[in-house]
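Peer 1: Just a sequence and a predicted model for now, questions to come.
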Amino acid sequence: MMRVADFIFELPDSLIARHPLAERRSSRLLTLDGPTGALAHRQFTDLLEHVRTGDLMVFNNTRVIPARLFGQKASGGKLEILVERVLDSHRVLAHVRASKSPKPGSSILIDGGGEAEMVARHDTLFELRFAEEVLPLLDRVGHMPLPSYIDRPDEGADRERYQTVYAERAGAVAAPTAGLHFDQPLLDAIAAKGVETAFVTLHVGAGTFQPVRVEQIEDHHMHSEWLEVSQSVVDAVAACRARGGRVIAVGTTSVRSLESAARDGVL
């Protein structure tokens, strides 16, 4: 059994970045030597010293959607919507923050233009049906869902900087943050060392922002997420193992994708 209290530590507010660095690769890198336990503070570009020919790096190519909406109920009460999952062209599952939860059949007016109907409630999530297609609506009036610890309103630049450079498949409501530090020249340099790359897709859900309210970690109810590990990724992992290379998952979302596929017998 693991206690949540064992993972509590003090993080000075001054060490929480509110804006990204001008260059992605300028971030710092903390390395851990497995055999010795030695820690070292490095620059992110020093990652090149830790990969070698024959390795396989697995990235998550999900793309963050501007999933936060503001609006009001027909009664005039203000509310905030955070889309958890797009169900189809007009329906979503979402978290709704309001003084009183909207009732099934009630209308919601979206700031900036747009309207939705509350269809049903599924535990903590609300099924909403929009009058227009969801993704164009979000692109037009949605806000980027920055984590709560980035204590500022979203800005126009966040639509590009709160994405990885290889983000491709829209659907996440949070970025796979380990990948934010890679730029294209660094990816090219990694490839030039003979390191192969593969891409899984895991759409990070709003549950990643939810606090842990239990004392024992095993009692925490984990949210579900949509993911895809393609046959090409399975083949790339098998080929890497066969040649004696290392499979390097970039970030926890890539780890979760590979572990889920392995648990299900795919890998």
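Peer 2: Cool, the structure landed.

Peer 1: Look at F130 and say how many residues are nearby.
Peer 2: 20 (other CB atoms under 10 Å). Bear in mind the C-beta positions are built from the backbone N, C-alpha and C, glycine included.

Peer 1: for it, what are its contacts?
Peer 2: By CB atoms under 8 Å, 6 or more residues apart in numbering, the contact list for F130 reads H90, R91, V92, G114, E115, A116, L137.

Peer 1: out of the residues you listed, which one sits closest to L227?
Peer 2: The closest of these to L227 turns out to be V92 (CB to CB; 18.4 Å).

Peer 1: so that closest one touches V86, yeah?
Peer 2: Yes - under the criterion of CB atoms under 8 Å, V92 makes contact with V86 at 5.3 Å.

Peer 1: Common neighbours of the two, please.
Peer 2: With CB under 8 Å, 6+ apart, V92 and V86 have common neighbours V134.

Peer 1: more crowded one of those two?
Peer 2: The residue with more neighbours, out of V92 and V86, is V92; 26 against 21, by other CB under 10 Å.

Peer 1: Could you give the backbone dihedrals for that one?
Peer 2: phi -140, psi 160 (degrees, to the nearest 10).

Peer 1: give me the number of residues near R169?
Peer 2: A count of neighbours around R169, defined by other CB under 10 Å, yields 14.

Peer 1: What's opposite it in the beta bridge?
Peer 2: Beta bridges link R169 to T62 when assigned by DSSP bridges.

Peer 1: what separates it from S257, distance-wise?
Peer 2: As judged by CB to CB, to the nearest Å, R169 and S257 stand 13 Å apart.

Peer 1: Please enumerate the shared neighbours of those two.
Peer 2: Going by CB under 8 Å, 6+ apart, residues that sit against R169 and also against S257 are T201.

Peer 1: now the strands: where do they sit in the stretch 151-267 of the chain?
Peer 2: Secondary structure of the stretch 151-267 of the chain (DSSP state E, counting those that start in this stretch): strands located at 169-172, 196-203, 226-228, 247-249.

Peer 1: How about the stretch 1-150 of the chain?
Peer 2: All strands of the stretch 1-150 of the chain, identified by DSSP E, counting those that start in this stretch, fall at 28-32, 39-43, 56-60, 62-64, 68-73, 78-86, 91-98, 107-110, 115-122, 125-130.

Peer 1: coming back round to it: which among the contacts of F130 gets closest to E196?
Peer 2: For the contacts of F130, the nearest to E196 is V92 (36.1 Å; CB to CB).

Peer 1: my read: L135 touches I65, true?
Peer 2: Yes - taking contacts as CB under 8 Å, L135 lies within contact range of I65: 7.0 Å.

Peer 1: neighbour-wise, which of the two wins?
Peer 2: The residue with more neighbours, out of L135 and I65, is I65; 21 against 16, by other CB under 10 Å.
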